[in-house]
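>>> This is a predicted model, with the sequence first.
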Amino acid sequence: MTVEELLAREEIRHLMAVYNTAGDGGRREEFHSVFCEDAVLIAPGINLEGRENIVDGLFAGVDTPQPTTRAKPKFVRHNLTTSKITFTSATTAVGRTYFMVVTDAGLDHCGVYSDQFRKDDDGWKIAHRVVRSDYVSADSRFDLGQ
């Protein structure tokens, strides 16, 4: 592994942390910064294309709460665990990262991010993300399409 790969790996790990902390904290502009303009995000019940559509789609429930029988979480913490990043070129990489989400109800849901990353003039970004939920609590605070 080269020094350049180590630095790129850390930049990608930071990118994933920003995705989660900005999302949890409702920081829309910071969240916006993690995606390529033509990014794709696929998750249970969600298929979004383009950075603007992804941000608008994921923040829709925050900006305009939808009627739901689910309790609104008092806090949300996305936690990343095992992560494997493989470079496919000097400007592209793929990753597989386990995550778990904790709310005031406890472990809310967990699963895997399967990512494609691309480096542009502003650094590494998420180009394509598939989110798979492996477990969803009966008390989940989120409508995860399941």
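Arrived safely, thanks for sending.

>>> Contacts for the helix or strand of the chain with the lowest mean pLDDT, please.
In the chain, no helix or strand scores lower on mean pLDDT, DSSP states H and E than helix 51-63, which sits at a mean of 83. The contact list for helix 51-63, computed with CB atoms under 8 Å, 6 or more residues apart in numbering, reads 23, 26, 28, 31-32, 35-39, 41, 46, 48, 66. Quick note: C-beta positions are derived from backbone N, CA and C, even for glycine.

>>> E29 versus T97, what's the distance?
Using CB to CB, to the nearest Å, T97 is found at 23 Å from E29.

>>> out of these two, which sits in the more crowded spot?
T97 (19 against 8; other CB atoms under 10 Å).

>>> Which secondary structure state does the more buried one sit in?
The three-state assignment at T97 reads strand, by DSSP: H, G, I helix; E, B strand; the rest coil.

>>> I'd say it and H78 touch.
No. In this structure, T97 is not within contact of H78 by CB atoms under 8 Å, at 10.6 Å.

>>> All set now, cheers.
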